[in-house]
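Colleague: just coords:
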């Protein structure tokens, strides 16, 4: 093991030892669920580990809380998306409902698209969803968003480019 790797491992160990209990307690207070808090605390430290950011951390608790908040938001968004998908499936007659494997693949695809859209400004994301899900024209989207049709065209170009490069091949 290289000296730099050993030092980074020691920094991460110190960060974990000093702040894991606090982070898990903070998450438990926020979420009201000890199991979810434990999972998200671990996910937070995994994120720090995989990013290699441990050596650059100046204020550990605000840094860890920021990562944890993002993970909570991501988990909540994923849960809302899954619930909406399952509610839509429940409306289908059993004869046309997709099999469990297809449901899982569709849900994974929806989550990938959601992640790809994350980070886009709200009007751009909304325009993309209106065009893809409701098949609205530029003019109809412009009315809904109270912008010009040329703005909608720019929004959709940006969203399509963003999604195209964000999704795996």
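Modeller: Sure, I can see it. Just so it is clear, the structure is predicted and the values come from calculations on it, not from any experiment.

Colleague: in this protein, where's the longest helix?
Modeller: Scanning the chain for the longest helix, with DSSP state H as the assignment, gives helix 60-90.

Colleague: what comes up buried for that one?
Modeller: Buried residues in helix 60-90, defined by neighbour count with 16 or more other C-beta atoms under 10 Å: 60, 63, 64, 65, 67, 68, 71, 72, 74. C-beta here means a position set from N, CA and C on the backbone, and glycine is covered the same way.

Colleague: what do you get for stretch 149-163?
Modeller: Across stretch 149-163, burial judged by 16+ other C-beta under 10 Å covers 151, 152, 155, 156, 158, 159, 162, 163.

Colleague: next: stretch 3-22.
Modeller: Buried residues in stretch 3-22, counted by 16+ other C-beta under 10 Å: 12, 15, 16, 19, 20.

Colleague: now those residues in CSV, with secondary structure and pLDDT?
Modeller: Below are the buried residues of stretch 3-22 laid out as CSV (DSSP: H, G, I helix; E, B strand; the rest coil; pLDDT from 0 to 100):
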residue, secondary structure, pLDDT
12, helix, 82
15, helix, 87
16, helix, 89
19, helix, 92
20, helix, 94
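
Colleague: just send those back as TSV, with distance to residue 97 too.
Modeller: As requested, the buried residues of stretch 3-22 are exported to TSV (distance: C-beta to C-beta, whole Å):
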residue	distance to residue 97
12	46
15	47
16	45
19	46
20	43
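
Colleague: picking that back up, show me which of the buried residues of helix 60-90 is closest to residue 30.
Modeller: The nearest member of these to residue 30, counting by C-beta to C-beta, is residue 72 at 7.1 Å.
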